[in-house]
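Enquirer: What follows is a predicted protein model with its sequence.
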Amino acid sequence: MWRSDGWTARVVKNEDDDGWAVAMFKDGESEPALVGPWTMGRDKKNPKPLDINAFHTLVKTAREFVRRSEQQRHAELHQSITVTAGSTRVTVCLDIVPDEDNPYAMLSAKDEGDELLAEVRVAPSFKLNRSIAVAWAEGGFVRPGER
């Protein structure tokens with residue numbers, strides 16, 4: 001086991017087979033951020049020792065994995081499309097609030113000066129696409145589905 005830079009690497013028995021795995025834990029987290037296979041030692045029974053170079057590589061990999069996961073999660077929860085309605089450029093945004101008990105989403109429209117033009121609450125399953133954004137902006141921001 002190695003611990004440094006806010007991370008802990010722990011070599012563990014792989015539950016799925018006879019091999020070993022390395023689990024990377026971010027400090028303060030109970031679940032590993034990343035788990036990957038680990039090399040067997042020369043005796044073919046025990047894991048290869050974890051060294052400082054391997055640890056630094058694992059930290060870099062785990063940080064990148066966490067960063068990409070956060071970016072993907074953000075992209076799933078926040079979408080925006082810019083369209084032209086008449087002579088005005090409007091950015092339509094869908095922001096999903098993943099509340100455990102009552103998830104919802106907010107559909108909003110802003111002008112080029114970032115001034116809020118309209119905002120309505122919609123189902124978290126609402127799908128934003130270019131044709132919906134154009135229709136909403138050109139229709140005077142009437143709640144989607146109420147025409």
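Expert: Nice, thanks for sending it over. Numbers count the residues shown, from 1 in each chain.
Enquirer: name the helices or strands packed onto the host helix or strand of Ser108?
Expert: Assigned by DSSP states H and E, Ser108 belongs to strand 104-110. Here strand 104-110 touches strand 88-97, strand 116-122, helix 130-138, going by 3 or more Cβ pairs under 8 Å, 6 or more residues apart in numbering; DSSP states H and E. Yep, even glycine has a C-beta here, placed from its N, CA and C like the rest.
Enquirer: If we use 6 Å, what do you get?
Expert: Where contact means 3 or more Cβ pairs under 6 Å, 6 or more residues apart in numbering; DSSP states H and E, strand 104-110 is packed against strand 88-97, strand 116-122.
Enquirer: Burial-wise, tell me which of those strands comes out on top.
Expert: strand 88-97 (a mean of 17; mean count of other Cβ atoms under 10 Å).
Enquirer: quick one: contacts of it?
Expert: Here strand 88-97 makes contact (Cβ atoms under 6 Å, 6 or more residues apart in numbering) with 77-83, 104-110, 112, 124, 128, 133, 137.
Enquirer: starting at the chain centroid, how far to it?
Expert: Strand 88-97 sits 19 Å away from the centroid of its parent chain (Cα atoms, centre = their mean, to the nearest Å).
Enquirer: Kindly report the same for stretch 24-44.
Expert: The chain centroid and the centroid of stretch 24-44 are separated by 22 Å, computed with Cα atoms, centre = their mean.
Enquirer: do stretch 94-106 as well
Expert: Worked out by Cα atoms, centre = their mean, stretch 94-106 lies 15 Å from the chain centre.
Enquirer: related to what we said a few turns ago, now the strand holding Ser108: buried residues?
Expert: Neighbour counts over strand 104-110 (16 or more other Cβ atoms under 10 Å) mark Ala105, Leu107, Ser108, Ala109, Lys110 as buried.
Enquirer: how near is the last one to Gln79?
Expert: With the distance defined as Cβ to Cβ, to the nearest Å, Lys110 ends up 14 Å from Gln79.
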